[in-house]
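Chemist: Generate a structure from the sequence data that follows.
(2 chains)
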Amino acid sequence: MATRAASEVYKKKLLDRFSDALIDSIAGFMNKIRPGWKVRNQARVDEWKLMFYAFNRSPLGIAGAILVLAFLLLAIIGPWVAPLSYDTSLALCNQQAYLAPPKTTVTIPGGCEALGVKPGNYTLYLGGDSFGRDLGSRMLFGARTSFVVMIFVLLVGPWIGIGLGLISGYFGGSTDELIMRTTDIFLVFPGLILAIAFSAVLPSRISGFLASHHYVSLFFLHLFSLKIQHEGSLASLLSVIIALWIVWWPGYARLVRGMVLSEKENTYVEAARALGIPSRSILVRHIMPNISGPILVYLSLDSGGVILTEAGLSFLGVGAVPPIADWGRIIYDGSQYFPNAWWLIFFPGLAIFLTVLGFNLLGDVLRDVLDPRTRRSIEFKLKKEIEVGEEQ
Amino acid sequence: MAELRRFLIRRFLTFIPTLIGVTFIVYLIAAVVPANPARLWAGGQKANPQVIAMLVKEYHLNDPFYVQYYYFMKGFLENSMVSPVTGYKVWYEVKTYMPVTIQLTLISFVFILLIGIPLGIISALKKDTWIDATIRVVALVGVSVPIFWLAYLLIFLFFTKLGWITLSGTPTPPYSITGIPLIDSILKLDWHTQWEIIKRYWLPGIILAYPGIGVIARLVRNSFLDALGADFVDYVDARGLPKSQRYRHVLKNAMVPIITVLGLQFGGLLAGAPITETIFGLPGIGRFMLTSIYSFDYLSLMGGVFIIALIYMTVNLIVDILYALIDPRVRY
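Modeler: Predicted coordinates for the structure are as follows:
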């Protein structure tokens, strides 16, 4: 028993084999680019496998992962598989498409090629909006908008906070005082209020910037899958991203500072300091890996939070501007036709809800899986089951 | 008590630098605004150049930022800041919009207290049963659901189908004591107005409160379970005290983290106010901010952001004081 690696003790399920294969291939890859990596990091690899075993045994976590992966997939391939573009108004060719209820089939006669629509029958599975645009297609483009905004917000905002929190917690003294007082000031503003104000005033500045930096604008046009003639609307999305950077760092600064304060009392930090390792290296290579679990959990929970906030801003009319397809904006535009055209509110809202729910489920289960204390209890239960099984 | 007084003095002193910092951020909003909003204020492309020049001078638009900051803050402090779009004093407008937001957040806050805390306690007492599981799902949905979507679903149910809610007008009683109808009507024992207000506000209130209810229910559950597992509970039991005594001790210990998060939830309610007010057509401060944005009235927007930050700061101050009163450990 004792000689077996921890990861071999479990009765393996199909998902476990899958996650094992995934981790082994990552380990193999690391070993290829850095020879000897696998031997040095065997314990770490085993730990990862164990985390996945715990995760694989949590139905809620799997449900969350499926929701997140499904919407991520839609965000990636959505704009390519959408039957119609986000700005194709069928109503210009056939009045039937105007606020068409779900599953309406609209016949487009010839002569509409200028709009980019070939003649034929189009079924609007989720209905049409007040321009006769296909709601289903627009929602596929909307998934792209949500996810790109979310990723860009989380790539910068929290990391400003994490960096400041590391510095503040580790060095203490007047640096700490300065950073924390600044954080306090930002935390005095309820998040959405500041986001509303900044995403309202930023666009004109950003369109000025985009006009002189054409390649930036092209890059984002491709990411958001927007047509070149809608370049003018891009500034609204970028200002949402920047506004959310301003809002999304203070929480992380406070969280990370607290964790660093308790972490730096540990002997391993003292040992590293005694060896003369520079502070930067201690922070990044020694402290950071030890606090990355909770940070990952917060990032997962905040992915949902950012999507929710972005949709909220668009719903208030200070986020995405027409003709950008955005879940919040579709609801805002559709609310004028409520309750008759219920589908314009129901489907986009459901998409937001399910995406955010997915991230929240994932974050909740990650919290249990990444926290060694709760994970041990899951592992303990599993081991007991197996031992009972072996005795019989 | 001496250390309590010292704690309070220190806490009040930190209020001042924070307030100054808040004015910087509020000013930042104006600093980001494109170079010259005067043309927009004066009426767009065909604006009279003389009017534009006047506005530029009046609002110090061409002055360096520190001069601008000085005049803006002086304007706000002396209540001499006039909105260039509406022609009213900014604080006057804030004062007319404020009561609605305060009523809405108070009603939501009561919902959080009355629903969130009991749900959490039930969940803790019935740990690992289907009741616990249901409450946890309700809480999870609360933090995941976009409240504007939920609002439309519930309007459809309660307004279109059942007719249980009024969706127009805001009841204003003829008398005014505090300026907030909800509190005035309680003070005057005017149950008719009270009922009108509740009929108008209960649905927006509960929708705004829902995410907070979820957060509080989960937190109460966890801190209640933590407190139930503490050593002092065994001690209380060993002394042979009745069950009610036991729960009194548990509740008092569990309340400590809950009060902080209740304070944070107040910020969440203020943040959610613009969305709820927009959907339900309530003329509150969030609505005021948004109309200011649509009309490029950045000074009113600054006023709105400023007042919300002030309210939240005050709430945090109250929370810290309560905290020090309940838990002697934080006074240090």
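
Chemist: residues making contact with stretch A:344-355?
Modeler: A:67-68, A:71, A:99, A:126-127, A:129, A:135, A:139, A:142-143, A:146, A:304, A:307-308, A:311, A:327-328, A:330-331, A:333-335, A:337-338, B:144-146, B:148-150, B:152-153 (CB atoms under 8 Å, 6 or more residues apart in numbering or on different chains). From N, CA and C alone the C-beta is placed, and that goes for glycine too.

Chemist: I only care about the residues you listed that end up buried; give me the ChimeraX line for that.
Modeler: The buried residues among the contacts of stretch A:344-355 can be selected in ChimeraX (16 or more other CB atoms under 10 Å in any protein chain shown) with this line:
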select /A:67,68,71,99,126,127,129,135,139,142,143,146,304,307,308,311,327,328,330,331,333,334,335,338 /B:144,145,146,148,149,150,152,153
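
Chemist: Among the contacts of stretch A:344-355, which are located in helices?
Modeler: Among those, the residues falling in helices (DSSP state H) are A:67-68, A:71, A:135, A:139, A:142-143, A:146, A:304, A:307-308, A:311, A:327-328, A:330-331, A:333-334, B:144, B:148-150, B:152-153.

Chemist: which ones are touching A:Asn360?
Modeler: A:64, A:301, A:304, B:140, B:143-144.

Chemist: what about A:Ile33, how many residues close to it?
Modeler: Using other CB atoms under 10 Å in any protein chain shown, A:Ile33 is surrounded by 7 other residues.

Chemist: residues near residue 203, how many?
Modeler: No chain was given, so I picked chain A. Neighbours of A:Pro203 (other CB under 10 Å): 23.

Chemist: nope, chain B please
Modeler: 22.

Chemist: and what of A:Phe18?
Modeler: By other CB under 10 Å, 13 other residues sit near A:Phe18.

Chemist: Tell me which residues touch it, please.
Modeler: A:Phe18 makes no contacts at all, as judged by CB under 8 Å, 6+ apart.

Chemist: ditto for B:Leu55
Modeler: Residues counted as contacts of B:Leu55 (CB under 8 Å, 6+ apart) are B:38, B:41-42, B:61, B:84.

Chemist: Now do the phi/psi pair for the residue nearest to it when sequence neighbours are not counted.
Modeler: Nearest non-adjacent residue to B:Leu55, counting by CB to CB, 6 or more residues apart in numbering or on different chains: B:Ala38, 4.1 Å away. Main-chain torsions, B:Ala38, degrees, to the nearest 10: phi -60, psi -40.

Chemist: show me the contacts for B:Ala38.
Modeler: B:Ala38 sits next to B:52, B:55-56, B:59, B:61, B:84 when contact means CB under 8 Å, 6+ apart.

Chemist: so where is chain B shaky, pLDDT-wise?
Modeler: Applying pLDDT under 70 to chain B flags residues B:1, B:34-35, B:330-332.

Chemist: Of the contacts of B:Ala38 - the most surrounded one?
Modeler: B:Tyr59 leads the contacts of B:Ala38 on contacts (other CB under 10 Å) with 22 neighbours.

Chemist: ok, which residues in the stretch 1-150 of chain B are in contact with chain A?
Modeler: Within the stretch 1-150 of chain B, the positions adjacent to chain A are B:17-18, B:21-22, B:24-25, B:29, B:32-34, B:140-141, B:143-150 by CB under 8 Å from any CB of the partner chain.

Chemist: State the distance from A:Tyr332 to A:Gly317.
Modeler: Using CB to CB, to the nearest Å, one gets 6 Å for the distance from A:Tyr332 to A:Gly317.

Chemist: Just give the closest residue to the residue positioned nearest the centre of chain B, not the sequence neighbours.
Modeler: Centroid-nearest residue in chain B, with CA atoms, centre = their mean: B:Leu270, separated by 2.9 Å. Leaving aside its chain neighbours, B:Leu270 sits nearest to A:Pro190 (4.6 Å; criterion: CB to CB, 6+ apart).

Chemist: Number of residues surrounding that neighbour?
Modeler: By other CB under 10 Å, the burial measure for A:Pro190, its neighbour count, is 24.

Chemist: Contact partners for it?
Modeler: Contact analysis of A:Pro190 by CB under 8 Å, 6+ apart lists B:267-268, B:270-271, B:308, B:312.
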